[in-house]
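Visitor: Model the following, please.
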Amino acid sequence: MIKYFDGGMGTMLNLAAGELPEQLNITDPERVLRVHTAYAEAGADIITANTFGANPLKYDNCAELVSAGVALAKKTGKKVALDLGPTGKLLKPMGDLEFEKCVELYSEVVRAGRDADLVLIETMGDTYEIKAAVLAAKENCELPVFVSMIFDEKGRLLTGADVKTAVAMCEGLGVDVIGFNCGLGPEQMIPLVKELAECSSTPIMVNPNAGLPESVNGNTVYNVSPDEFAGYMGEIASLGVSYLGGCCGTTPAHIKALIEKTKDVPDRTPEYKNTTLVSSYSECVELGKKSAVIGERINPTGKKLLKEALRNGDMDYILKEGITQRECGAHILDVNVGLPEIDEVKMLCDAVYQLQSVLPTPLQLDTSDPVAMEKAMRLYNGKPMINSANGKQKSMAEIFPLVKKYGGVVVCLCLDESGIPEDSDSRIKIAEKMIKTAEEYGIEKKNIVIDALTMTVSTNQQNAIETLKVVDYCKNTLGVNTVLGVSNISFGLPNREVVNTTFYIQALGAGLSGGIINPKSQSMMNAYYAFNALSGLDDNCTEYISSATAVEAAAPASAEITLKTAIIKGMKDESALCARELLKDTEPLELINLHIIPALDTVGDGFENNKLFLPQLLMAADAAKSAFDEIKASLASKGTPQVKGDRIIIATVEGDIHDIGKNIVKVLLQNYGFDVIDLGKDVKCETVLEKTIEHDVKFVGLSALMTTTVPNMEKTIELLHANTDAKVFVGGAVLTKEYAKMINADYYAKDAMESVRIAQEFFGRE
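Guide: Numbers count the residues shown, from 1 in each chain. Predicted coordinates for the structure are as follows:
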C-alpha cells in the first residue's frame, strides 16, 4: 500500500517575522511536537523532522538542532525522515560554494540525524547539490535515501535538467525513491508525474503544495482545499506511486483527506526501464536507439597541439575543442588528458570542471588511472560515461566499485591478462565475463557498454570483420550496447578518412551504439546523418537536411573566437583577451553596446525561450564581467572617470535567509550596466526604506523564497510607496504574478532575465 508523508511545517508553526523554525526544536519543542502529533493523528506514516533549513552555514549549533529535531519526530512513534533542504547557495562554477564543502555541510547534518529512519533530500533545484547531498548521506549512514525535486511548469530544474536527465543521475547514484515537492500544486504536477513514471525504474514520491499562494489580509494562504487536494492526488496515485504527502500550505486536514481518497490504491513501482542514459547537468543522451557521436578530439594521442596545450595548462584550447565538437554534432565528448609528464589527476579534474562550466554536453571520462577516474567521477555533475574497464581482474576490481558508487555507463574493453584476442569469439567471452562480474558488483547490464576494440586493418585484413562480429553479437544476442574508437581502423593506410568513413557505416549497420569519431570530419558526419535517414532513425530526414543546409551556408571557419562568441560560450579568459585587443582601437562605450550587450541579449533570449538554462546564463555573465574588468582597467590607466549606471537596490526580505535568486539577479543587472546596491538577506523593512532614501534610488527589487516571509515583502512595499516615489519589482519561488499584484508590487519578475527586461523598461533603455 501507499505510504504517506506529513504536510507543511512552516505554515503550521505560525512563525513570527525573523523566527527560525529549526531553532524551535530547542527553544519551543512542544510547539514543534504538536505539529508532528497532528500529522501522526491524521494518518501520516512518515513524520518529517523539523530540520529542513538546518545546516552549518545557518546555525552554529546545527548538530544539536538536528538531533533534537529527529528526537522530537520520533516521539510520535512513526517512521522519521531526516529532512535536508537546499543550502541556500549555488555551487561553483555558478556560485561560490565548493562541491566538497557542500558534501561536508550535508555530512554534518546526516551524522547528527542518523537516528532517523530515512534521509529525505527535498526541494532541490540543482543536480549538483543533489549529488553532494546523496554522497553525504551514503558516506555517513546506511539509511534509505529519498530525493524530491522542485520543477517548474516547463518541467525543468533551476539549473536546467528535465525530468529524464535528473532521473538518470539519481538512479546512477543509487537513490531509493525519486519524486517532486513544492513549487507547484497537485494539478500542475500531474503531467510531471506522468513523465517521471515513463522514465524512472525507481519508486516515486509526490508531495505538492496546496495549490498556488495568495495574499489575504496580509497572510499567505493556498487556494486548494483538502477535498480538492485529495481529488487531484487520487489521479496522481493512479499513475503509479509509492509515497504521497504534502508541502507548503498543506495541513493535517489535507493529509487526512488524501489518505481517505487513496488508501485503497495499491503501491506501484514503475516498470523497469532498460535504457542506457549518459547525462550532464542539463542534457541526457540515450544509447541504443540511435548511435551517439562521441567526440574524440580531446585526446592527446597523435595530436601535437593538444599535447602542447596540456603541458602548458592551456585550458582555453581544450574548451575550444569541446565547443567546436559540440557545434559539429557531438552528443558526448571524450576527455583524455593523459601525458606522462603532467599531473593527470589534477588536469582531468580541471578539464571536467572547465568543460562543464561552458558546455551542457555529457562527458566520457577517459583515463587508465583509477585515482584520476574517481576524482573526476566525484566532481562530475551528472552521470558520465567511464572509459574504461577491461577484463583483467585488477581493472574490474578498481573500476566497478567506482561505477557502483558514483553512477555511470562503463565502457568495457574486450581484453584481459592475455591481451587483445584476434578472433571475435574470444573477445565475446571476455565481454560476457565482464558483464557477469559487473552484475556481481551491482552494475546493471544497461549501464555497461562493450568496446569490441578496433584494430588496424593494415596489419590483419580480418580485423574489421572480427570487430564487427563482436558489435553485432553484443547488440543483437547479448542485448548490450557497444562503442568503438573508429579511426584506429586506418592506421598505416593512405587516405584514412575514406577507410574510417566506410568502416563507420559498416559498424552503424552492425548496431554500433556509439562511435568515438572526429565530428569535425565532414565525411564522417555526412555518413552518420545519411545512415540515420536511410535507417528510419531521422523523422522526415530532418537532421540530414539540417546538417546539409548548415554545411552549404557555413562561412569559412575562423581561427579566432570573437568577443561576442566568447561571452555567449561563457569563456572568461578568452573574453578578457578579446576585450583587451578590441580596446586598442575601439571606444569602451562602443565595445559595450556593440559586443557585450548583444551577446548578453542572445543568451537572455535563449534563456527565455527555454533553449539555454541558468548555468549558461551565469557563465555568460561571468565572461561579460571579464570583459568589463578589462574596460575598467583601460579607463583607470587613462585616468578616465568611470560612469555609474542607473541605480537599483535589491534585498531578500526580513526573516528569509535564501539569496540564490537575488544573487543571480544582481550579477545580470550589473552586467547590463546597472549600479546595484545589494543589501543582502534577512533585511528589515526599515533598512530598505532608509537605504532607498539615502541613495535616492527609484527602483527596488525584493526577493522571498519562504511563504512565511512574504508578509514582510508586502510591509516593505507599503513603506516604500508611502515614503518614496520608488517603484518595486518582486520575485521568488513562492510568488506568482497575481500574488505580486495583491501585495501591491509594481512589477513581477518570473526569473532573473525578466528582472533585466523590467529594469530596461523602467529606465527607458529598450
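Visitor: Kindly check the end-to-end length of stretch 270-281 for me.
Guide: 24 Å (CA to CA, to the nearest Å).
Visitor: Stretch 72-80 too?
Guide: End-to-end distance for stretch 72-80: 10 Å, by CA to CA.
Visitor: what residues does it touch?
Guide: With CB atoms under 8 Å, 6 or more residues apart in numbering as the test, stretch 72-80 has contacts from 25, 29, 32-33, 36-37, 39-40, 44-50, 70, 81, 115-118. Every residue, glycine included, has its C-beta placed from N, CA and C.
Visitor: Now which of those residues would you call buried?
Guide: Among these, those buried by neighbour count (16 or more other CB atoms under 10 Å) are 25, 29, 32-33, 36-37, 39-40, 44-50, 70, 81, 115-118.
Visitor: Residue 631 and residue 673, how far apart?
Guide: Distance from residue 631 to residue 673, counting by CB to CB, to the nearest Å: 11 Å.
Visitor: typo on my end, residue 212
Guide: For residue 212 relative to residue 673 (CB to CB), the value is 35 Å.
Visitor: same deal with residue 417?
Guide: 64 Å.
Visitor: ok, these two, which is more surrounded?
Guide: More neighbours surround residue 673 than the other of residue 417 and residue 673, with 20 against 10 (other CB atoms under 10 Å).
Visitor: Per-residue pLDDT of that one, please?
Guide: Residue 673 is assigned 89 on the pLDDT scale.
Visitor: Kindly report the same for residue 559.
Guide: On pLDDT, residue 559 comes in at 48.
Visitor: Disregarding flanking residues, what is the spatial nearest neighbour of the spatially most central residue of the chain?
Guide: By CA atoms, centre = their mean, the chain has its centre lying nearest to residue 281, at 3.3 Å. Leaving aside its sequence neighbours, residue 281 sits nearest to residue 381 (CB to CB, 6 or more residues apart in numbering; 4.3 Å).
Visitor: if I look at residue 631 and residue 673, which residues touch both of them?
Guide: Common neighbours of residue 631 and residue 673 (CB under 8 Å, 6+ apart) are residue 592.
Visitor: Low-confidence regions, the stretch 651-766 of the chain specifically.
Guide: Within the stretch 651-766 of the chain, the ranges that satisfy pLDDT under 70 run 766.
Visitor: quick one: pLDDT of residue 113?
Guide: 98.
Visitor: and what of the one 5 residues further on?
Guide: Taken from the predicted model, the pLDDT recorded for residue 118 is 98.
Visitor: Likewise for residue 454?
Guide: 97.
Visitor: so it sits in a helix?
Guide: No - using DSSP: H, G, I helix; E, B strand; the rest coil, the assignment for residue 454 is coil, not a helix.
Visitor: Please list all residues in contact with it.
Guide: Here residue 454 is in contact with 463, 464, 467, 484, 485, 486, 487, 488, 489, 503 (CB under 8 Å, 6+ apart).
Visitor: can I get those residues in TSV with neighbour count, distance to residue 253 and pLDDT?
Guide: Converted to TSV, those look like this (neighbours: other CB atoms under 10 Å; distance: CB to CB, whole Å; pLDDT from 0 to 100):
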residue	neighbour count	distance to residue 253	pLDDT
463	19	71	97
464	20	70	97
467	27	65	98
484	29	60	98
485	20	62	97
486	25	63	97
487	25	66	95
488	18	66	94
489	24	68	97
503	24	67	98
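Visitor: Pick the one among these closest to residue 686.
Guide: Distances from residue 686 to these, taken as CB to CB, are shortest for residue 485 (66.1 Å).
Visitor: shouldn't the closest one be in contact with residue 451?
Guide: Yes - if you go by CB atoms under 8 Å, residue 485 and residue 451 touch, sitting 7.4 Å apart.
Visitor: Can I get the longest helix belonging to the chain as CSV, trimmed to CA atoms?
Guide: The longest helix of the chain (DSSP state H) is helix 614-637. Extracted in CSV, the C-alpha atoms of helix 614-637 (Å, rounded to 0.1, in the frame of the first residue of the first chain):
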residue,chain,number,x,y,z
LEU,A,614,20.7,29.1,-15.7
PRO,A,615,24.3,27.7,-15.9
GLN,A,616,24.8,29.1,-19.4
LEU,A,617,23.2,32.4,-18.3
LEU,A,618,25.6,32.7,-15.4
MET,A,619,28.7,31.6,-17.3
ALA,A,620,27.9,34.2,-19.9
ALA,A,621,27.6,36.8,-17.2
ASP,A,622,30.9,35.8,-15.8
ALA,A,623,32.5,36.1,-19.2
ALA,A,624,31.0,39.5,-19.7
LYS,A,625,32.4,40.6,-16.3
SER,A,626,35.8,39.6,-17.5
ALA,A,627,35.3,42.0,-20.5
PHE,A,628,34.0,44.7,-18.2
ASP,A,629,37.1,44.3,-16.0
GLU,A,630,39.3,45.0,-19.0
ILE,A,631,37.3,48.1,-19.8
LYS,A,632,37.6,49.3,-16.2
ALA,A,633,41.4,48.7,-16.2
SER,A,634,41.7,50.6,-19.5
LEU,A,635,39.8,53.6,-18.2
ALA,A,636,41.8,53.6,-15.0
SER,A,637,45.1,53.5,-16.9
